[in-house]
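here is my input, please return the structure:
(2 chains)
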Amino acid sequence: MKKPLFTAIKILLAFTFLTGVVYPLAITGIAQLIFPHEANGSIVMINGQPRGSELIGQTFNDPRYFSSRPSAGNYNAVPSSASNLGPTSDSLKIMIDNRRQAFIAFNHLPANTVVPNEMATASGSGLDPHISPESAYLQMNRICSVRGYSAAQRQLLQQLIAKHTENAQFGVLGEPRVNVLALNCDLDLLK
Amino acid sequence: MSTFIQLTLFLGSIVLFTPVLGKYMKKVFSGEKHPLTPVFGWLEKGIYRFCGIDSQEEMNWKRYLVSLLWFNLFGFVIVFALQLTQAWLPLNPAKVGNASWHLALNTAISFTTNTNWQSYSGESTMSYLTQMVGLGVQNFLSAATGFAVLIALMKGLTRSVTQSLGNFWVDLTRAVVYVLLPMAIVFALFLVSQGVVQTFSRYTDVTTLEGVKQVIPLGPAASQIAIKQIGTNGGGFFGANSAHPFENPTPLSNFLEMLALVLIPASLTYTYGLFIGSKKQGWILFGAMLILLCVGLGVSLYAEYAYNPALHIAGSMEGKEVRFGVTNSVIWSTTTSVTSNGSVNAMMDSLSPIAGMVAMFNIMLGEVIFGGIGSGLYGMIAFVILTVFIAGLMVGRTPEYLGKKIESFEVRMALIAVLAPAVCILIFTALAVSTQNGLSALTNKGPHGLSEIMYAFASASGNNGSAFAGLSTNTPFYNVLLSLCMLVGRYAVIIPMLAIAGSMAGKKITPVSAGTFHTDNGMFLILLLAVILIVGGLTFFPALSLGPILEQMLMHTGITF
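Next up is the predicted model:
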């Protein structure tokens, strides 16, 4: 009978090597081989420059762009952050009211417009790359007027939003959404 | 409607996979031949040879326990030491500093006890090396430890007139080599295909479309996220956990991550049924767990979609991601709290009071609704023993379970296992709310503040690890107290359950007779549910009524704090 103390040390070393070194290295190797784009952060390159990640949201203050959701960390990714404000928080109540008013004013919408929930609240990661399709359409008028679009261009913009609308995966999982960064990248290319 | 379809898909998949995986695990742990023997058999044998383990050696419960404790102790030491020295060690491209002693203590205990409570945010506090060789390894090993305890308990319940409960090292190795590692490999690669990062490069700097600098954090995330979901661990690679787009990028990754939360704990009920030679008893335990899960899901979904008169919003998206929406956030919060996993895809702190309470109550029931790997089922067996005992008292017979007499020793041990975590939750919450150290950590005022503190101690004591993250717990006060809770929640259950295993193994099996109290029918199911709910309800109702219940009532009068 061996002392369990020594067996414990040896087996811990063996498993540390197996699950802490071999396993992550093997996964990294295979991932870099088969899915290099995804494994390295799904980076968006424009003219050879890294301009963001497809999966990570960005701040858009410029009225020429579609706005992202509010973020508790202002889309700072290190570290990710949420407001963690609760369901009876006075500060959250004020923020929700202000964001609704700001969204309506910024997009020149009628005062009684129902602002989609996600534009009045901050996401859990502070990096949510998506907004709902409704929110995208509500921002369309503002973008057309700032960019001085013609009726034909407006039509194209509408099609662009439709093109970027992802429905529930396989028709059932998750919610319909629009990736703001991808949409804005294409928006810059719209003639 | 879409909520209903997603729920059906989710619950249906659990029911479907339980017998498949359950049967496989039975073969693995009883040493029979199975499909992965030819693939990884050499690895299992290699580990025995390297460590000098005699796989035929049988251990009594004390030796089994001592082996486990040494193993966990050294695991703790490694994670603790890594954090205190990571600044000087390699694989630290983000140049994070050494952790404070209390954070290192908390994190090391947290990961060795399968809790994965995190007082820190991974991307800015832990080096790649610490995450991989420290935290990632314990994700496997703490889950395997849970497996081992359960397997020993099963052997104790089914063997008769013996001391031996099998071999801790063998059970541990099989859990890693044949169950956790293969599942993690497949799942990690799937996650990368969805967009989860897996690289050793340093963080990437990008210039946003508006010309602002943004740092994109990277790292070997997929390999760790796979095992944190499968192993009922829950400790995120990134601070936002599975709400982070790099940790859970798509609705499909979300669905499978949710399934991974519950797959092994659910399947173990089937393994248990096979072990004790009565599939029906396994399904009865599964049924009890599923009923409690469904009730929690229903209540949470209703509460979360309801109108909040204080904030003037229905189906609030605060703390939630657009790709998941309210439905998937609530399925996750309920499932992660029952399974002792503790990963989140939406911020618990911002859930409605009742949805937050359901999550908290799930943990307070002792993490027995599926629960952690191994720990969920051995916790449930503690409740089974209590139920058999109470039923025996009601009809005035000697209680028996699986043909073995339940005597005062077993009942005492089961009571310790059930009550020790509960005592920790209530006493430490009381301590925290009556000291400045405790109160200064709060983000939210009013009854929600009490919920934040109570949730933290429940989560630590239940070895869950999820958080009402508004509470800033990276202080000596919270780090040390929560460490204590995690230790009690883990070992004050493991030790009594192994003692029960040892004592039950020594008993004779009495054949079934007309007077036997049956534990494989609906009557028993109802009794079991009643015992769980009465114990949980009586212990926690007064405290809950001052937190989430009060908050719900105030919310309906429109009051904010």
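
which residues touch B:Asp349?
Neighbouring residues of B:Asp349 by C-beta atoms under 8 Å, 6 or more residues apart in numbering or on different chains: A:82, A:84-86, B:319, B:356, B:443-444, B:448, B:452, B:467-470. Every residue, glycine included, has its C-beta placed from N, CA and C.

by neighbours, which of the residues you listed wins?
A:Gly86 (36 neighbours; other C-beta atoms under 10 Å in any protein chain shown).

pretty sure it contacts B:Asn308?
No. Contact criterion C-beta atoms under 8 Å: A:Gly86 and B:Asn308 do not qualify, at 10.5 Å.

most centrally placed residue in chain A?
A:Pro129 (1.1 Å; C-alpha atoms, centre = their mean).

ok, it touching A:Val180?
Yes. With contacts defined as C-beta under 8 Å, A:Pro129 counts as touching A:Val180 at a distance of 6.3 Å.

now for these two: what residues contact both?
With C-beta under 8 Å, 6+ apart, A:Pro129 and A:Val180 have common neighbours A:57, A:68.

give me the low-pLDDT residue ranges for chain A?
Within chain A, the segments meeting pLDDT under 70 span A:1-2.

got the domain ranges for it?
Taking automatic domain parsing as the reference, chain A has its domains at A:1-40, A:44-189.

quick check, the first one touching chain B?
Yes. Counting by C-beta under 8 Å from any C-beta of the partner chain, chain B has neighbours in domain A:1-40: A:1-2, A:4-5, A:7-12, A:14-16, A:18-21, A:23-24, A:26-28, A:30-32, A:34-35, A:38-40.

hmm, the helix or strand of chain B with the lowest mean pLDDT in reach of chain A?
Ranking every helix and strand in chain B by mean pLDDT, DSSP states H and E puts helix B:122-125 at the bottom, with a mean of 81. Yes. Among the residues of helix B:122-125, B:122-124 lie within reach of chain A under C-beta under 8 Å from any C-beta.

Serialize those residues to TSV and add fields for distance to B:Ala422.
Formatted as TSV, these follow (distance: C-beta to C-beta, whole Å):
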residue	distance to B:Ala422
B:Gly122	30
B:Glu123	35
B:Ser124	35
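
count of neighbours near B:Lys279?
B:Lys279: 17 surrounding residues under other C-beta under 10 Å.

now it, what are its backbone angles?
B:Lys279 adopts backbone torsions of phi -60, psi -30, taken as degrees, to the nearest 10.

so it makes contact with B:Thr269?
No. Contact status for B:Lys279 versus B:Thr269: not in contact, 9.8 Å apart, counting by C-beta under 8 Å.

what sits closest to the residue in chain A positioned nearest to chain B if chain neighbours are left out?
Per C-beta to the nearest C-beta, A:Gly174 is where chain A lies closest to chain B, at 2.6 Å. Excluding its sequence neighbours, the residue lying closest to A:Gly174 (C-beta to C-beta, 6 or more residues apart in numbering or on different chains) is B:Pro251, at 2.6 Å.

so what's that neighbour up against?
Going by C-beta under 8 Å, 6+ apart, B:Pro251 touches A:168-169, A:173-175, B:323-324, B:328.
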